[in-house]
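Engineer: One predicted model, sequence on top.
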Amino acid sequence: MVSPAAPPDTLSDIDLHLPDRRDGKVRVSYRFGPGRRLFVTTDRLSAFDRVIALVPHKGQVLNQLAAWWFEQTADVVANHFVSAPDPNATIGIEASTLPVEVIVRGAITGVTSTSLWHRYAGGARHIDGYEFPDGLSKNDQLATPVITPTTKAVGGAHDEPLSCADVVARGLVEPALWEQVQDAALALFARGREIGAAAGLILADTKYEFGLTPDGKLMVIDEIHTPDSSRWWLAATNGGAVTPQLSVGGEPENLDKEYVRRALDGAGYRGDGSPPALGAEFWSSVTDRYVACFERLTGTTFMPGTSPIDERIRATIASVGGDQ
């Protein structure tokens with residue numbers, strides 16, 4: 001078990017050295033040269049649209065796993081990854097972000113109010129442009145993955161569910177580009193499922209963000225197929241199957257953020273007020289699940305870095321300088 005002691009926050013150490021800081025819920029990024037950004041992961045975990053807790057080593061797991069995934073999928077669609085010079089940080093190509101988040105769902109699941117299962121259980125059958133049959137149970141896998149985009153929330157607002165038709169009708173993404181985005185998202189999801197199945201995992205659903213380079217090149221950005229951006233189920237505790245025909249009762253074993261959402265939901269918390277104190281043992285178990293996801297997918301042992309953002313990052317910035 002990885003030690004539950006959270007590493008110190010070292011972000012302030014580089015504030016004066018990097019311009020154009022952008023703060024997200026779980027990462028901070030900086031522009032440090034023409035066409036380059038430095039993305040620094042934190043141990044913050046966000047659930048129900050709020051930062052809930054610090055999860056030891058979470059930032060390093062996400063940073064290193066995302067870098068690994070970008071290398072595994074570079075032949076599917078271009079991505080913004082350049083290098084990972086530090087356990088907590090990656091260098092990426094700067095891109096303008098498309099105003100939609102692309103969610104690919106391979107199962108009917110979830111506990112949030114916008115989840116596919118929540119809306120289906122409430123009686124909806126026409127959801128985000130798709131018709132779903134009667135008789136589905138929670139966590140049933142779908143015969144064909146579906147794309148259910150949302151708006152990209154800004155300023156603390158919640159994501160708004162969309163249909164693919166909405167994306168074009170509202171002028172959020174040009175029709176030809178949206179076709180490229182959908183094709184890329186489905187291809188990435190297929191690759192994720194393929195690699196996950198070999199590791200004994202089921203990729204239930206996932207979120208992708210896409211952007212454009214200044215010359216209009218489409219690329220996937222942010223992170224992909226991590227325990228924060230995807231639902232990863234253990235196949236062995238979900239009937240041992242990885243086929244779309246699987247239908248099981250109860251809850252699958254999650255190696256991802258849904259494990260936290262389910263615990264909070266079980267305690268009656270859905271984002272309002274202060275979250276319940278789940279205890280150090282629970283948060284250590286979250287770390288264990290994130291690490292297990294990393295190790296199953298990559299086939300390597302997770303080794304926490306001993307030197308978070310420090311002089312090495314500044315030296316890297318000086319050597320890279322955005323000229324790659």
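Structural biologist: Received it, and whenever you're ready, just let me know what you need.
Engineer: how about the strands in the stretch 201-324 of the chain?
Structural biologist: For the stretch 201-324 of the chain, the strands defined by DSSP state E, counting those that start in this stretch cover 201-212, 218-221, 230-234.
Engineer: Make a markdown table from those strands and add distance to residue 51 to it.
Structural biologist: All C-beta spots, glycine's among them, are computed from the backbone N, C-alpha and C. Formatted as a markdown table, the strands of the stretch 201-324 of the chain follow (distance: least, CB to CB, whole Å):
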| stretch | distance to residue 51 |
| --- | --- |
| strand 201-212 | 18 |
| strand 218-221 | 21 |
| strand 230-234 | 19 |
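Engineer: Include mean pLDDT and mean neighbour count when you put those into JSON lines, please.
Structural biologist: Converted to JSON lines, the strands of the stretch 201-324 of the chain look like this (pLDDT from 0 to 100; neighbours: other CB atoms under 10 Å):
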{"stretch": "strand 201-212", "mean pLDDT": "97", "mean neighbour count": "23"}
{"stretch": "strand 218-221", "mean pLDDT": "97", "mean neighbour count": "21"}
{"stretch": "strand 230-234", "mean pLDDT": "96", "mean neighbour count": "26"}
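Engineer: Of all those, which one comes closest to residue 176?
Structural biologist: strand 218-221 (10.7 Å; CB to CB).
Engineer: elements contacting that closest one?
Structural biologist: Judged by 3 or more CB pairs under 8 Å, 6 or more residues apart in numbering; DSSP states H and E, strand 218-221 is in contact with helix 175-198, strand 201-212.
Engineer: Partner strands of the shortest one, with direction?
Structural biologist: Put plainly, it is strand 201-212. Strand 201-212 has its sheet partners listed here by DSSP bridges as strand 96-107 (antiparallel), strand 218-221 (antiparallel), strand 230-234 (antiparallel).
Engineer: which stretch among those comes nearest residue 291?
Structural biologist: strand 230-234 (12.4 Å).
Engineer: Now do the closest one: everything it contacts.
Structural biologist: Outside strand 230-234, the residues that touch it by CB atoms under 8 Å, 6 or more residues apart in numbering are 107, 109-110, 192, 196, 200-207, 224, 252-256, 258, 293.
Engineer: Only C-alpha atoms, please: export that strand in CSV.
Structural biologist: Only the C-alpha atoms of strand 230-234 are listed here, as CSV (Å, rounded to 0.1, in the frame of the first residue of the first chain):
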residue,chain,number,x,y,z
SER,A,230,-12.8,7.2,-17.5
ARG,A,231,-14.8,4.4,-15.7
TRP,A,232,-12.6,1.4,-15.4
TRP,A,233,-14.2,-1.8,-14.2
LEU,A,234,-12.4,-5.0,-13.1
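Engineer: Give me the angle between it and helix 175-198.
Structural biologist: Angle of strand 230-234 versus helix 175-198, following axes from the mean of the first three to the mean of the last three CA atoms, to 10 degrees, is 20 degrees.
Engineer: what separates strand 230-234 from the chain centre, distance-wise?
Structural biologist: 11 Å (CA atoms, centre = their mean, to the nearest Å).
Engineer: what's the answer for stretch 193-213, then?
Structural biologist: From the chain centre to the centre of stretch 193-213 is a distance of 9 Å (CA atoms, centre = their mean).
Engineer: Identify the bridge partners of residue 37.
Structural biologist: Here residue 37, judged by DSSP bridges, has bridge partners residue 31, residue 92.
Engineer: There's contact between it and residue 30 in this structure, I believe.
Structural biologist: Yes: between residue 37 and residue 30 there is a contact under CB atoms under 8 Å: 6.4 Å.
Engineer: For the strand or helix carrying residue 143, list every residue counted as buried.
Structural biologist: For residue 143, the element it lies in under DSSP states H and E is strand 141-147. Of the residues in strand 141-147, 141, 142, 145, 146, 147 count as buried by neighbour count, 16 or more other CB atoms under 10 Å.
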